[in-house]
Every structure is written in C-alpha cells, then in structure tokens.
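Peer 1: next come a sequence and a model predicted from it.
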Amino acid sequence: MSLTKKRKQTENRLAAIRRSQKLSHTPGGRERIRAALLRHGYSLQAEEAAMRALGEDPAQFQELLEGLWETYQPSDAAQEGLVIQLAQATWLMNRAIRMQEGYALRQAQEVNRGRQDRLHAKMMRLTMTAESLRLLVQAVAHQHYVTTPADLEKMKNLHQEGVVKEMAENALVLFYQLQVPGTGEDGLDPFEAARRMVAQAKEIFGIGTTALSPPPSNLPPDSRPPQESEQYPDAVEEKSDERYPNITAAEWEARERPRQLLENILTRQVDACEAQRKVLLKESVKGPSPYERAAEIAPTHPNALIMRRTQDSCFREIRRVTNLLLKIKHEERRKEVFEQDHRKRGRSLTRYVRKQRS
C-alpha cells in the first residue's frame, strides 16, 4: 500500500515535471547536484577513482543520481542528502549483485575447464569396464565353465568400483555358485593349491621331467612325429573333463542354468556401459544444461552468505530512505494543500467582509 495519495496529473503538473526534467539535465542542474554532493561530503574525484579501479563507470552513477533527483525533486538540504544516500545504497546493492554474479561466473569457468576431463575420464572408465565384462562373457560362454580365481577377482574389483552397481551382487553369487565343489571364497581349491606347489617344486628341481630334443626342421612333413592331437583326437576334450573329476554329468547339467543366467547378466551390463558412454559423449558435445550449470554455480564458498547479507542490507537501506522521502513529500503536499485552503478561506472572508461593508 502506498504511503502517499496519488495526485491527479493535471496539465499544469505535467508541464512542471517536464520543466524540472529539463532543468536537471542542464549544466545548471548538474552543477546543483555537484554542489549538493560536495555539501554532503561526497568527494567526486576520490569516488570516481575508486569506481574506475573497481571496473565501474562513474557516468552511470551520475545518471542514477540524476534520475532519482528528477523523481524526488529535493527542496532542501535534508532531502538532498536523502536522495544522495538513496543513490549510494542503490549503487552498492547493484555492486553486491555484480559480486555474486562475478563469483558465479568464475566458478562456472573453473568447473567448465575440468568438465571435459571428468567426462573423458568417465568414458574411459566405462570403456575399460565394458572390456572387462566382455572378457568375462567370453569365458562364461563355454558350456563347461568353472569360476577361476582370476575371473572372481575381476568381478570383485568391478563390484568395489561401483560401476556395475546392483547387478554385481547377483553376478558374484552366480560366480560363487559356479566354482569347483569344495572351493572357498578365495576361489582356490585347497587340493589344487597343494598340487600346484608340488608341480612347482618338481619343475624347480627337475624331478620327473626329461629334456626332449626338438625334431629336425629339415624332415619332410610325412616323417615328423605325430602330434598328440593327431594321435588322440578326443584327448583335449578328455583333458578338459579330467580337470574337474568331482563334477558329475548331472552336476554339469544343473550348472548350465546359472551359467546362462550369468552370461545374460554380464552381456546386459556390457550394453549398459556402452549406453552410458554414449550419453556422456553427447553431453560432452552438447555442453551443460541450464540446470546442471545452476548446480555448478551454487554459492558454496564461505563468502556467499556475506555477499547475500550485503545485498539485503543495501535493500533495507533503500527501503528506509525511500519511505522517509515519501513521508517528507507527503507532509510537504499536505502543508501545501493546507496553505491553499487557508488562502482560499482568507480570500472568501475578505470578500464577505467587503460585501458586508458595502
């Protein structure tokens, strides 16, 4: 609600406003404003030098002051001081806004410089994850697949990195389920570890091994000794079956269902990684959205609250000075109306007295 009653705009009042506007933009009007600034302790040279040092234009402040001068038309020294104080508070509030926007711009530029590197790092990480998952898919695709320590360790690493997320739990359960019966959570069979140690010892000390001379290279193809695969075509298949003597044919059939399920899970995770990589590639080309930019320039620095309080303080100062000026102008207009009514009554009384005398 306005503190003053809106006056009717008559032709005489509009003409007076236009004359005041012309006077404020004339050299005489500007000199009056400069004299008021000096009278109220406003050092023009010092303030202009400070504004230029801060990257501000003193001419813009002069335009702001002239505009407020036209609006309120100060008639005495008190009103001149309030108008100057209002101009200063408005200028400081705009400066506080520029401070916040400038810091947000600097923060956005810093974030933008590292944004491409972050997106590239995420895409590389997704590419490496997809490649690891493809290798696991190739291994699991074999019909008689048994979880190896290397595959189990690779899946654990992917789960710890958090790239595969919820599906990693299901994949780990299936990897444990497809281990050799009797294998621990470390993925090693105790008997298998003992056999490896014995084989390494024999290899070190040369026990049970004989050095075989390679066949001459100049022999014709027909005179070369037959290879093991040529002598026994089913030797490779029998060797693969002999690696896991504890797994029966019925158990192989029961393990087929979780193996297929694990293969499907890993394949879908490969597709998910590729889809995420394509999304990141589009983001890197398109740039940040307005919402992403707004989140990046969120005022998280320690001085954000001080800047905001400075702006609020200047706004409250503007409101106080404006209300005071409006009250003074309202009082002036009330006195003016009272004086006009008093003069009218005086003239009426004079006419009445003259009429009675006559």
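Peer 2: Happy to help now that I have it.

Peer 1: now the most centrally placed residue in the chain: closest residue in space, sequence neighbours ignored.
Peer 2: Here the mean C-alpha position of the chain is nearest to the C-alpha of Glu296 (Cα atoms, centre = their mean), at a distance of 2.7 Å. Closest residue in space to Glu296, ignoring its immediate chain neighbours: Val111 at 4.4 Å, by Cβ to Cβ, 6 or more residues apart in numbering. (Glycine included, C-beta is placed from N, CA and C.)

Peer 1: need the pLDDT of the one you found.
Peer 2: Val111 carries a pLDDT score of 77 in this model.

Peer 1: tally of neighbours for Gly287?
Peer 2: When counting by other Cβ atoms under 10 Å, one arrives at 11 neighbours for Gly287.

Peer 1: quick one: contacts for it?
Peer 2: By Cβ atoms under 8 Å, 6 or more residues apart in numbering, the contact list for Gly287 is empty.

Peer 1: so what's the backbone phi/psi at it?
Peer 2: Its backbone dihedrals place Gly287 at phi 90, psi 170, with angles given as degrees, to the nearest 10.

Peer 1: state the distance from it to Arg115.
Peer 2: Relative to Arg115, Gly287 is positioned 9 Å away (criterion: Cβ to Cβ, to the nearest Å).

Peer 1: repeat that for Val270.
Peer 2: Computed as Cβ to Cβ, the Val270 to Arg115 distance reads 27 Å.

Peer 1: do Glu31 as well
Peer 2: Remark: distance between Glu31 and Arg115 (Cβ to Cβ) = 54 Å.

Peer 1: higher neighbour count, these two?
Peer 2: The residue with more neighbours, out of Glu31 and Arg115 and counting by other Cβ under 10 Å, is Arg115; that gives 17 against 10.

Peer 1: now do the same contact list for the more buried one.
Peer 2: With contact taken as Cβ under 8 Å, 6+ apart, Arg115 is in contact with Pro288.

Peer 1: so Pro39 is in contact with Glu80, correct?
Peer 2: Let me fix one detail, which is that residue 39 is Arg and not Pro. Yes. In this structure, Arg39 sits in contact with Glu80. The criterion is Cβ atoms under 8 Å, and the distance is 7.4 Å.

Peer 1: who's more crowded, the two?
Peer 2: Relative neighbour count places Glu80 above the other of Arg39 and Glu80, with 20 against 12, counting by other Cβ under 10 Å.

Peer 1: tell me which element the more buried one falls in.
Peer 2: Element membership of Glu80, judged by DSSP states H and E, is helix 77-140.

Peer 1: what about the next helix or strand after that helix, average pLDDT?
Peer 2: Of the helices and strands lying after helix 77-140 in sequence (DSSP H and E), the nearest is helix 149-161. Over the span of helix 149-161, the pLDDT mean works out to 86.

Peer 1: ok and helix 149-161 relative to helix 77-140, angle-wise?
Peer 2: 170 degrees (axes from the mean of the first three to the mean of the last three Cα atoms, to 10 degrees).

Peer 1: okay, buried residues for the helix or strand just after helix 149-161 please.
Peer 2: Following helix 149-161 in sequence order, the next helix or strand is helix 167-177 (DSSP H and E). When neighbours are counted by 16 or more other Cβ atoms under 10 Å, the buried residues of helix 167-177 are found to be Ala168, Ala171, Leu172, Leu174, Phe175.

Peer 1: cool, stretch 306-325 as well?
Peer 2: Met307, Thr310, Gln311, Cys314, Glu317, Ile318, Val321, Thr322, Leu325.

Peer 1: same deal with stretch 57-68?
Peer 2: Of the residues in stretch 57-68, those buried by neighbour count under the rule 16+ other Cβ under 10 Å are Phe61, Gln62, Leu64, Leu65, Glu66, Leu68.

Peer 1: what is the mean pLDDT for whatever helix or strand Phe338 lives in?
Peer 2: Following DSSP H and E, the helix or strand that holds Phe338 is helix 304-357. Averaging pLDDT along helix 304-357 gives 83.

Peer 1: show me what it is packed up against.
Peer 2: When contacts are defined as 3 or more Cβ pairs under 8 Å, 6 or more residues apart in numbering; DSSP states H and E, helix 304-357 sits against helix 77-140.

Peer 1: okay, the angle between the helix it packs on and helix 304-357?
Peer 2: Taking the same axes, to 10 degrees, one finds helix 77-140 and helix 304-357 inclined to each other by 150 degrees.

Peer 1: how far away from the center of its chain is helix 77-140?
Peer 2: When C-alpha coordinates are averaged (Cα atoms, centre = their mean, to the nearest Å), helix 77-140 and its chain have centres 6 Å apart.

Peer 1: do stretch 305-321 as well
Peer 2: Relative to where its chain is centred, stretch 305-321 has its mean C-alpha point 28 Å off (Cα atoms, centre = their mean).

Peer 1: do stretch 278-290 as well
Peer 2: Stretch 278-290 has its C-alpha centroid displaced from the chain centroid by 13 Å (Cα atoms, centre = their mean).

Peer 1: only alpha carbons, please: show it as PDB.
Peer 2: Output of stretch 278-290 as PDB, limited to C-alpha atoms (Å, rounded to 0.1, in the frame of the first residue of the first chain):
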ATOM      1  CA  LYS A 278      27.200 -42.700 -25.500                       C
ATOM      2  CA  VAL A 279      25.200 -40.500 -23.200                       C
ATOM      3  CA  LEU A 280      28.400 -39.000 -21.800                       C
ATOM      4  CA  LEU A 281      29.700 -38.400 -25.300                       C
ATOM      5  CA  LYS A 282      26.500 -36.500 -26.200                       C
ATOM      6  CA  GLU A 283      26.800 -34.400 -23.000                       C
ATOM      7  CA  SER A 284      30.400 -33.500 -23.800                       C
ATOM      8  CA  VAL A 285      29.400 -32.300 -27.300                       C
ATOM      9  CA  LYS A 286      26.200 -30.500 -26.300                       C
ATOM     10  CA  GLY A 287      27.600 -28.900 -23.100                       C
ATOM     11  CA  PRO A 288      25.900 -28.500 -19.700                       C
ATOM     12  CA  SER A 289      22.200 -27.900 -19.400                       C
ATOM     13  CA  PRO A 290      20.800 -24.800 -17.500                       C
END
